[in-house]
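> predicted structure and sequence below. I'll ask about it afterward.
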Amino acid sequence: MRRVVITGLGAITPIGNNVEEFWDGIKKGKCGIDEITAFDASNFKVKLAAEVKGYNPEDHFDRREAKRLDKFSQYAIIAAREAWKDSGLDKEKENMERVGVILGSGIGGVETIENENRKCVEKGPDRVSPMYIPMAISNMATGNVAIEIGAKGESIAMITACATGTHCIGESFRMIKHGYQDIVLAGGTESSITPLSIAGFSNIKALSKSEDKTRASIPFDKERNGFVMGEGAGIIVLEELEHAKARGAKIYAEIVGYGATSDAYHITSPAPGGEGGARAMKIAMEEGNVKPEEITYINAHGTSTHLNDASETAAIKTALGEENAKKVMVSSTKGHTGHLLGAAGGVEAIACSKAIEEGFVPATINYQVPDEECDLDIVPNEGRKVEVKYAISNSLGFGGHNSSILLKKYE
């Protein structure tokens, strides 16, 4: 079986519009949550979101192209460009038929869907844009990135709600490990800070209604009351080890394990005790031949909802054992970025890669009130300088989808 390494990183997030800015924001404990500006939220119960700041499409695309791309595709292309450039790959020197793209989005082009539906209802069907379908459908981030990069290998869009990004990375890992591709761009993208999305998530009681941006996304805090919607994209370049070594590539980390499970329990609630998430972590550790006591850091799904954080705590205890669970550092970076839905796993894989590269464990920021149900070392409020040899990144999605990837310091 072939070994798989990470050689490129690309991101656009609520705390930075590239990887350098994002990681600097993580280290400084920056919170990207603020009042919603994407639309008038005065009549909404939810007032806060984690928006990408200072974004102008025309800084990245010509005007005509920008109008033909929903923002979720724009974000994916921007992150993919950065990841590809960071990797040092040259498509003139690569067999692009061995380069794949596996990206996903939890919702896809929801902004386009809302806008075109409004036109259809108010002005009639003939006013709906002919670009509506190719802008809105969820696979178009993948398709547009493949076109942008010139990747002619397997091009797949996976959708598993909030587990999407991690599933895409895990399946890309398998694709390279088993010899189907040499290079894959993988991760997720999302742009769903829209009236319909906020209303829908709010009415299902998933979103925090706090108007204090420092007490809205508060993973593992006893006063947590819902997640905060975020947006952006996180994409990494995965590459077969010998291929990377042959061209002298910089290696951020190695992926050694991947676990994917289903709760088969409920459309929105996790299985009791986080049973499915625990199995995903165990499978990843078994594939990587790594013992629970060797895990340094877990980037938790940690959404700041009562059920998620309590069940994920239980899952970590089950997967690692009570004693090891007390020693491992567990943090959620969703206090910084909000919840990027389908993009969360991509952005959080980048956080794990940088944690391994620099020996820095991100904090769980804005933490104040301990919860006896979440009694792990959640690295409260201040990150830690410590060598990270093995890191797990967890993502859990509506529908009972669970995914975990296991990253290792490359030696």
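Noted; the coordinates are in hand.

> Ile198 contacts Leu48, doesn't it?
No: using C-beta atoms under 8 Å, Ile198 makes no contact with Leu48, being 10.0 Å away. C-beta here means a position set from N, CA and C on the backbone, and glycine is covered the same way.

> in the stretch 101-250 of the chain, mark out all the strands, start to finish.
155-157, 183-190, 232-240 (DSSP state E, counting those that start in this stretch).

> what is the neighbour count of Gly143?
17 (other C-beta atoms under 10 Å).

> quick check: it vs Met96, distance?
Relative to Met96, Gly143 is positioned 15 Å away (C-beta to C-beta, to the nearest Å).

> rewinding a little: now distance to Lys317 and mean neighbour count too, for the strands of the stretch 101-250 of the chain, in CSV please.
Listed next are these as CSV, based on distance: least, C-beta to C-beta, whole Å; neighbours: other C-beta atoms under 10 Å:
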stretch, distance to Lys317, mean neighbour count
strand 155-157, 34, 20
strand 183-190, 28, 34
strand 232-240, 28, 31
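
> all strands for the stretch 301-411 of the chain, in order.
In the stretch 301-411 of the chain, the segments counted as strands under DSSP E, counting those that start in this stretch are 329-331, 360-361, 384-385, 390-397, 401-408.

> quick one, the fourth one and strand 183-190 angle?
To tie it back to what came earlier, the one meant is strand 390-397. 50 degrees (axes from the mean of the first three to the mean of the last three C-alpha atoms, to 10 degrees).

> which neighbours does strand 390-397 have in its sheet, and in what orientation?
In the sheet, strand 390-397 lines up against strand 297-299 (parallel), strand 401-408 (antiparallel) (DSSP bridges).

> low-confidence ranges in the chain?
For the chain, no stretch has pLDDT under 70.

> output the contacting helices and strands for the longest helix seen in the chain.
Counting residues, the longest helix in the chain under DSSP state H turns out to be helix 71-87. Applying 3 or more C-beta pairs under 8 Å, 6 or more residues apart in numbering; DSSP states H and E, we find helix 71-87 packed against strand 4-12, strand 99-104, helix 110-123, helix 140-149, strand 183-190, strand 232-240.

> run the chain-centre distance for the longest one.
Using C-alpha atoms, centre = their mean, to the nearest Å, the mean C-alpha position of helix 110-123 is found 28 Å from that of the whole chain.

> CA atoms of that helix as CSV?
What follows is helix 110-123, C-alpha atoms only, in CSV (Å, rounded to 0.1, in the frame of the first residue of the first chain):
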residue,chain,number,x,y,z
VAL,A,110,-28.1,28.1,-2.0
GLU,A,111,-27.7,31.8,-2.6
THR,A,112,-28.3,31.2,-6.3
ILE,A,113,-31.3,29.0,-5.5
GLU,A,114,-32.9,31.7,-3.3
ASN,A,115,-32.3,34.5,-5.8
GLU,A,116,-33.6,32.6,-8.8
ASN,A,117,-36.6,31.2,-7.0
ARG,A,118,-37.5,34.8,-6.1
LYS,A,119,-37.3,35.8,-9.7
CYS,A,120,-39.4,32.9,-10.8
VAL,A,121,-42.2,33.7,-8.3
GLU,A,122,-42.1,37.4,-8.7
LYS,A,123,-41.3,37.9,-12.4
